[in-house]
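A.B. asks: Provided below are the primary sequence and the corresponding predicted coordinates.
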Amino acid sequence: MLSEHGRSGVNKVAPRIAGVFVKAGITPNMITLVGMAATVAAALVLFGNGYLFAGAIVIGLCTLFDLLDGAVARAGGTGSPYGALVDAVSDRIADGAILGALLWYVIHREPDNSMAIVMLLIALTFSQVVSYSKARADAGGLATPGGLMERADRLVIVLVGAGLEGLGVPWMLELGVSIVAIGSVITVVQRVLGGRASYLKSEPQADGGRPPHEKEQ
C-alpha cells in the first residue's frame, strides 16, 4: 500500500538528487549495494545489541538509498534487468538482516517471549515468500495483486514497532512483528490466488484449471 501511495512526495525530490549522482559518476548499483551494506550493519550492530530506537532511525535513513537507486537509473538511462536483479537480491538480504537481528535480540534478551519469537520467524519466512511469489508469477506471465503488505509497509511497521519499544513503550515490537507476520501470510495467499485467477483467465483448463499432468489420481 505504501509503495503505491507513499512515494509521490519523494519522487518530486529524488530526480534532482539523482542528477547530481549521475554527474558524479555514481551508478545505481553502487547506491543499492551501499544501502544494503549500511542496513545490514545497522541491523546487526544496533538491533542485535538492543539499541532498538537508534537502529530504527538509522535503518529508516538507509531506506533512502532504495529510493535513490531507481531515480539514478532513470536519470542516467542505465536501468537494466541486471540492475533489477541486484536491487531485488539486496532487498532480500537487508530484510533478512533486519528481522534476523531482531530475532537474535529477543532470543538473547527475552528468551521466554515465545510470542515475539514465533511472530518473527513467521515474518522472516513469509516476507521473503511475498517477494518470491511476485517474482515467480511475473516469470510465468501471471498477473498478481500487490496485496495487503508490500515491502515498504513491512519496513515501516517493523521500524516503528522497534523504535517505540526502544523508547520504552511496551509490546510495540511484538505488535509490529505480529502485524507484519499476519499481513505477509495474507499477502502470499492474495498473490497465489491472484496468480491462479490470471492463469485460469488466460489458459482455461478442465478440472479446476489444472493441466492434465497435474490432475488428482
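C.D. replies: Done, it's in. Numbering: from 1, shown residues only.
A.B. asks: most centrally placed residue in the protein?
C.D. replies: R151 (3.1 Å; C-alpha atoms, centre = their mean).
A.B. asks: check which helices and strands the helix or strand where I182 lies sits against.
C.D. replies: Per DSSP states H and E: I182 is located in helix 172-202. On a contact count with 3 or more C-beta pairs under 8 Å, 6 or more residues apart in numbering; DSSP states H and E, helix 172-202 meets helix 81-109, helix 114-139, helix 151-166, helix 206-209. For glycine as for every other residue, the C-beta is placed from the backbone atoms N, C-alpha and C.
A.B. asks: rounded mean pLDDT for the longest one, please.
C.D. replies: Over the span of helix 81-109, the pLDDT mean works out to 95.
A.B. asks: show me how far it is from its chain's centre.
C.D. replies: Remark: helix 81-109 is offset 8 Å from the chain centroid, using C-alpha atoms, centre = their mean, to the nearest Å.
A.B. asks: against which helices or strands is that helix packed?
C.D. replies: Against helix 81-109 (3+ C-beta pairs under 8 Å, 6+ apart) you get helix 28-42, helix 52-76, helix 114-139, helix 151-166, helix 172-202.
A.B. asks: for the shortest one, buried residues please.
C.D. replies: Which is helix 28-42. Going by neighbour count (16 or more other C-beta atoms under 10 Å), the buried part of helix 28-42 is 28-29, 31-40, 42.
A.B. asks: quick one: average pLDDT of it?
C.D. replies: Mean predicted confidence for helix 28-42 is 96.
A.B. asks: what of the fourth one?
C.D. replies: Mean pLDDT, taken over the full extent of helix 151-166, equals 96.
A.B. asks: for I107, the count of nearby residues, please.
C.D. replies: Counted with other C-beta atoms under 10 Å, the neighbours of I107 add up to 13.
A.B. asks: was I right to think it contacts V118?
C.D. replies: No. Applying C-beta atoms under 8 Å, one finds I107 not in contact with V118, separated by 11.6 Å.
A.B. asks: what number of residues lie near L159?
C.D. replies: 21.
A.B. asks: now do L67
C.D. replies: Neighbour tally, L67, other C-beta under 10 Å: 18.
A.B. asks: hang on, isn't it packed against A14?
C.D. replies: Yes. Using C-beta under 8 Å, L67 is in contact with A14, at 5.9 Å.
A.B. asks: what angle separates the helix holding I182 from helix 151-166?
C.D. replies: 170 degrees (axes from the mean of the first three to the mean of the last three C-alpha atoms, to 10 degrees).
A.B. asks: relative to helix 81-109, how tilted is helix 172-202?
C.D. replies: Using the same axes, to 10 degrees: helix 172-202 against helix 81-109 is 140 degrees.
A.B. asks: average pLDDT across helix 172-202?
C.D. replies: 95.
A.B. asks: re the thing from before, quick check: the residue nearest to the centre of the chain vs A88, distance?
C.D. replies: Separation of R151 from A88 (C-beta to C-beta, to the nearest Å) stands at 10 Å.
A.B. asks: what sits in contact with each of those two?
C.D. replies: Common contact partners of R151 and A88 (C-beta atoms under 8 Å, 6 or more residues apart in numbering): S131.
A.B. asks: number of residues surrounding L142?
C.D. replies: For L142, using other C-beta under 10 Å, the count is 20.
A.B. asks: all set now, cheers.
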